[in-house]
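Colleague: Following is a predicted model, sequence given first.
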Protein chains: 2
Amino acid sequence: MTRLEGTLRDEALATLEAAWHEADGRDALTRRFDFRDFSEAFAFMTRVALAAEAMGHHPEWSNVYRTVTITLTTHDAGGLTDKDIALAAAIDRIASQSV
Amino acid sequence: MTRLEGTLRDEALATLEAAWHEADGRDALTRRFDFRDFSEAFAFMTRVALAAEAMGHHPEWSNVYRTVTITLTTHDAGGLTDKDIALAAAIDRIASQSV
């Protein structure tokens, strides 16, 4: 995996939905998703869980009723890597297909 | 629903697994669950999600790889109610059946 810094990082972030932003005080990306209700939120989480497991890279995330907040970072690398960008892109695809 | 205070609260808490404890700075209960990996953690979350949806009462929760942290409170009541105890009991049953 590649730790993302400088131009490489800017280019990688530019490929994602603009809603992703740097997490406060951490080398991580975060994005909040709002759904209509818990059922929709958890359906989204289930699809993300399947994608994450297949990719061997997992999110930090929380859910409160219809809201899901996802934070991505690579613990082994101590910061943002290409694995996070790949998972973020997969999450963007899933979110764009959600009801 | 019944807001739980005093003796009623003590009696209700005594019916749950001892690992539940009062959340810092909130009228809420919290418990952390550790599993062997993400797959086990998310399987547990899926069972909890189904129970919560059936009960019409949902957790605040977060997941980081093999760890799930659940916080229960009743927003409409501004604190802990019998709904939280019922959901905590259901979660205890699911956790006791998990691998």
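Modeller: Yep, it's here.
Colleague: quick one: secondary structure of residue A:51?
Modeller: Residue A:51 falls in the helix class when you classify it by DSSP: H, G, I helix; E, B strand; the rest coil.
Colleague: hang on, it packs against residue A:90?
Modeller: Yes: in this structure, residue A:51 is within contact of residue A:90 by C-beta atoms under 8 Å, at 4.5 Å. (Glycine included, C-beta is placed from N, CA and C.)
Colleague: residues near residue A:8, how many?
Modeller: 13 (other C-beta atoms under 10 Å in any protein chain shown).
Colleague: ok, it - contacts?
Modeller: residue A:2 (C-beta atoms under 8 Å, 6 or more residues apart in numbering or on different chains).
Colleague: and chain A, which residues reach chain B?
Modeller: For chain A, the contact set with chain B under C-beta under 8 Å from any C-beta of the partner chain comprises A:38-39, A:42, A:45-46, A:49, A:52-53, A:58-65.
Colleague: Let's see which of the residues you listed end up in strands.
Modeller: Judged by DSSP state E, the residues of chain A next to chain B include A:60, A:61, A:62, A:63, A:64 as members of strands.
Colleague: Looking at those, which is nearest chain B?
Modeller: Closest approach between those and chain B, by C-beta to the nearest C-beta: residue A:62, at 3.8 Å.
Colleague: The closest one: neighbour count?
Modeller: If you count neighbours by other C-beta under 10 Å, residue A:62 ends up with 18.
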